[in-house]
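# I'd like to go over a predicted model; first the sequence, then the structure.
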Amino acid sequence: MYKIIAAAALMASAALAAWAVPDAALAGSTPAPPGAHAYIGYPNDGQVVPANKPFRVWFGLRFMGVAPKGVKYPNTGHHHLLIDTDLPPMDQEIPSDRNHLHFGAGETETMIQLPPGKHTLQLLMGDDMHMPHNPPVYSKKITVIAR
C-alpha cells in the first residue's frame, strides 16, 4: 500500500514539475548559454515602415554566437524571423514558410516587405538543425505599422 502511494506521489510531482516549467520540458536538446537573449535592433516597436517597399530588419544577440545551419558549435545558433505569428512549439523543428524566415547562413539582418497594416516581428534562435535551444532564446515581439 505504501509503495502505491509513494509511486503515485512521485508521478504527481513529476507532472507538476513539467507543468511548472513548460519551456524546459518542451525545448530542444541543444543548451543555450546562461543569460542569452535575442532582440530586434531595428525597426523599433511601434515604428511606421514603408508598405510594399523593402525595409531593413537588424537582428541582435547577446551572450551567444551566430553559426550557420549544420555547424554544431557550443553556444551558437542562427536567427529565425517570425512575422505575424506566435512562437512555434519548442520541441519541434522551426517551420520554414512565409511567417517563419530562416537565416541559416548566419545572417544578422535582412530586407523584408510588408503589405499595409499592423504586423508583428519576433526572433527565435535555432540550433544547427533548426531546433529551439534549451531554454529557448527569443526576442520580445514588436509591432510595426506598414503605411
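Arrived safely, thanks for sending.

# Please enumerate the helices of this protein.
Assigned by DSSP state H, the helices in the chain fall at 2-20, 22-26.

# Just the residues contacting the longest strand along the chain, thanks.
Looking across the chain with DSSP state E, the single longest strand is strand 117-126. Residues from elsewhere that reach strand 117-126, judged by Cβ atoms under 8 Å, 6 or more residues apart in numbering: 32, 36, 38-40, 43, 51, 57, 59, 61, 64, 69, 77-85, 87-88, 94, 102, 132-133, 136-146. Placement of C-beta: from N, CA and C, glycine included.

# now swap in stretch 44-54 and tell me
Applying Cβ under 8 Å, 6+ apart, the external contacts of stretch 44-54 come out as 43, 55, 111-117, 140, 142-147.

# Pull up the distance across that stretch, start to finish.
Using Cα to Cα, to the nearest Å, the gap from the first to the last residue of stretch 44-54 comes to 16 Å.

# try stretch 68-83
So stretch 68-83: terminal residues 21 Å apart, Cα to Cα.

# List the buried residues for that stretch?
69, 76-83 (16 or more other Cβ atoms under 10 Å).

# Equivalent analysis for stretch 41-58, please.
Using 16+ other Cβ under 10 Å as the test for burial, stretch 41-58 gives 43, 49, 55, 57.

# Tell me the one among these nearest to residue 127.
Among the buried residues of stretch 41-58, residue 57 lies closest to residue 127 (Cβ to Cβ), at 21.5 Å.

# Go ahead and confirm that closest one touches residue 79.
No. Using Cβ atoms under 8 Å, residue 57 is not in contact with residue 79, being 9.8 Å away.

# Find the pair from the buried residues of stretch 41-58 with maximum spatial separation.
Based on Cβ to Cβ, the longest span within the buried residues of stretch 41-58 runs between 49 and 57 and measures 9.2 Å.
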